[in-house]
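> Next comes the sequence, and after it the predicted model I'd like to discuss.
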Amino acid sequence: MAFGWIDEQARLRRRDGLVRTLRPRAADTALLDLASNDYLGLARHPEVVEGAARAARTWGGGATGSRLVTGSTELHAELEEELAEFCGFEAALVFSSGYAANLAAVTALAPHGSLIVSDAGNHASLIDGCRLARGSTQVAAHADPDAVGKALSGHDGPAIAVSDTVFSVDGDAAPLAALAAACREYGAGLVVDDAHGLGVLGRDGRGAPHAAGLAGADDVVATVTLSKSLGSQGGAVLGPARVIGHLVNAARTFIFDTGLAPAAAGAALAALRLLRREPERAARAGAVARELHSRLTALGLEAVRPDAAVVSVRAPSPEQAVQWAADCRAAGLSVGCFRPPSVPDGISRLRLTARADLSGAEIDRAVQVIGETRP
Ligand code: PMP
């Protein structure tokens, strides 16, 4: 029978309690949100919503074609210019998602015969970029610049090291300056995914590469998503103009994908301008994360010290993690739940995301619910 084999996979998933389900969110939900990636609380900000609406009215519901045909509007150009300028890079190129941006950066910068050194904790989209690239991949130990240097030292030819700036599972930061130094020693490029850093790290939220003094370097490329701190949808690659020009000509997820929807570009641009006007939002997201961490560890819970806005709390087992998240939900608190196979180390966690717009009372309530529902 066609697809018969998937039934066995489904059976194993049920047996292991690993079935994923969708739970559509109601517009008027009363849940306190510590699960979304809306770090700066901008997704529903009136200016961001109006930015989307205005763009849709001006440019229509979709980009109408790929970027190289009809899908590049003046709005896309404006967003690229302001994003590059804000993050401190020479140029930027926007994509329909951060996922597509990561596939583009890795595949286009790792030609046949090249080496990719990829951190063991990297996001799935970087891993998929490595799988699609013509170059070969070596996985380096997590956050280990010496391991990256060692892998690069054995290779002759083009090479890149690839790393998240903030790892999405535990919220820990990569040692970017040391990684860049290792790359420079061997003439390799550094590609970093700043999905969780933009809007939270660096001066006024300019991102982790900016904070590490790497923005604008001719051997550093950063990717970002527009779907977390900027409250929109889409992604971008930032880097030297010659790299961005190369992507326009060589990155398949740029060339063969419909351009970013104008509404998403308009929302992201409005959010970026808001962040420039209200830069305190960036610091506040980090401060809320640190407060959540210290109050949860004071309750005896095991949590990873957050480097950005993600707070990861250990759960004893996948089943208890799922139950814990469900109990939080029943008490009015929405939290993320990470468990195998989404986590590489088999450790299940609650994943909390700090938001700049959480009030003191909301933080109190979140801590209380998590403490009271602990397994
Ligand atoms: N990189 C990281 C580290 C992420 O967490 C995500 C989103 N989960 C992505 C890339 C993909 O971005 P997008 O959702 O915009 O496709």
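That came in fine, so what should we check first? Numbers count the residues shown, from 1 in each chain.
> Tell me which residues are up against the one helix or strand residue 56 maps to.
Assigned by DSSP states H and E, residue 56 belongs to helix 46-59. Outside helix 46-59, the residues within contact range by Cβ atoms under 8 Å, 6 or more residues apart in numbering are 42, 73, 75, 231-232, 262-271, 273-274. Every C-beta, even on glycine, is put in place using the N, C-alpha and C of the backbone.
> same deal with stretch 263-280?
Under the criterion Cβ under 8 Å, 6+ apart, residues 40, 42, 45, 47-56, 59, 61, 73, 75-76, 78-79, 82-83, 86, 94, 199, 203-205, 226, 229-234, 281-282 lie in contact with stretch 263-280.
> now do stretch 337-351
So stretch 337-351 is in contact with 18, 35, 120-121, 169-171, 310-318, 320-322, 324-325, 328, 335-336, 370, going by Cβ under 8 Å, 6+ apart.
> What parts of the stretch 151-300 of the chain come near the ligand?
164, 168, 193, 195, 196, 225, 227, 235 (Cβ under 6 Å from any ligand atom).
> Counting neighbours, which of those residues comes out on top?
In terms of neighbours by other Cβ atoms under 10 Å, these top out with residue 193 at 32 neighbours.
> Quick check: that one touching residue 163?
Yes - using Cβ atoms under 8 Å, residue 193 is in contact with residue 163, at 7.3 Å.
> Pick out the residue in the stretch 1-150 of the chain sitting closest to the ligand.
In the stretch 1-150 of the chain, the residue found nearest to the ligand is residue 98; the distance is 2.5 Å by Cβ to the nearest ligand atom.
> do you know how far that residue is from residue 83?
Separation of residue 98 from residue 83 (Cβ to Cβ, to the nearest Å): 13 Å.
> Overlap of the contact sets of those two?
residue 224.
> In terms of helices and strands, where is residue 236?
Using DSSP H and E, residue 236 falls in strand 235-239.
> And for residue 192?
In the assignment (DSSP H and E), residue 192 maps to strand 189-193.
> ok, residues contacting that strand?
98, 102, 105-106, 109, 122-123, 125-126, 158-165, 174, 176, 179-180, 183, 208-209, 214, 219-224.
> Let me know the average pLDDT across that strand.
Averaging pLDDT along strand 189-193 gives 98.
> other SSEs contacting the next helix or strand after it?
Heading C-terminal from strand 189-193, the first helix or strand you meet, by DSSP H and E, is helix 208-211. On a contact count with 3 or more Cβ pairs under 8 Å, 6 or more residues apart in numbering; DSSP states H and E, helix 208-211 meets helix 176-185.
> Contact partners for the spatially most central residue of the chain?
For the chain, the residue nearest the mean C-alpha position is residue 195 (2.9 Å; Cα atoms, centre = their mean). Neighbour list for residue 195: 98, 123, 164, 165, 166, 168, 223, 224, 225, 228 [criterion: Cβ under 8 Å, 6+ apart].
> contacting residues around the fourth one?
Pointing back at residue 165 there. Contacts of residue 165 by Cβ under 8 Å, 6+ apart are 173-174, 176, 192-197, 201, 207-209, 222.
> Quick check: it vs residue 78, distance?
Look at residue 165 and residue 78: by Cβ to Cβ, they are 25 Å apart.
> that older thread, tell me, how many residues neighbour the residue of the stretch 1-150 of the chain closest to the ligand?
Residue 98 has 25 neighbours, counted by other Cβ under 10 Å.
> does it really touch residue 229, like I thought?
No - Residue 98 is not in contact with residue 229 according to Cβ under 8 Å; the separation is 11.6 Å.
> now stretch 362-371, how far from the chain's geometric center?
Between the centre of stretch 362-371 and the centre of its chain there are 25 Å (Cα atoms, centre = their mean, to the nearest Å).
> Which parts of the stretch 251-375 of the chain are strands?
For the stretch 251-375 of the chain, the strands defined by DSSP state E, counting those that start in this stretch occupy 310-314, 333-338, 349-353.
> okay, the ones you listed, which one's buried deepest?
Most buried of those by mean neighbour count (mean count of other Cβ atoms under 10 Å) is strand 349-353; its value is a mean of 26.
> May I see the contacts of residue 195 arranged in a markdown table, with secondary structure as well?
Below are these laid out as a markdown table (DSSP: H, G, I helix; E, B strand; the rest coil):
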| residue | secondary structure |
| --- | --- |
| 98 | helix |
| 123 | coil |
| 164 | strand |
| 165 | coil |
| 166 | strand |
| 168 | coil |
| 223 | strand |
| 224 | strand |
| 225 | strand |
| 228 | coil |
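> Would you format those residues as JSON lines with pLDDT included?
JSON lines is the format used below for the contacts of residue 195 (pLDDT from 0 to 100):
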{"residue": "98", "pLDDT": "98"}
{"residue": "123", "pLDDT": "96"}
{"residue": "164", "pLDDT": "98"}
{"residue": "165", "pLDDT": "98"}
{"residue": "166", "pLDDT": "98"}
{"residue": "168", "pLDDT": "91"}
{"residue": "223", "pLDDT": "98"}
{"residue": "224", "pLDDT": "98"}
{"residue": "225", "pLDDT": "98"}
{"residue": "228", "pLDDT": "98"}
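> Closest one of those to residue 8?
Nearest to residue 8, judged by Cβ to Cβ, of the contacts of residue 195 is residue 123 at 28.5 Å.
> That closest one reaches residue 166, doesn't it?
No - under the criterion of Cβ under 8 Å, residue 123 is not in contact with residue 166, lying 10.0 Å apart.
> which residues touch stretch 64-81?
55, 58-59, 63, 91-94, 236, 248, 254-260, 262, 265-266, 268-269, 272.
> what is the mean pLDDT for that stretch?
98.
> Could you tell me the end-to-end distance of it?
With Cα to Cα, to the nearest Å as the measure, the ends of stretch 64-81 fall 22 Å from one another.
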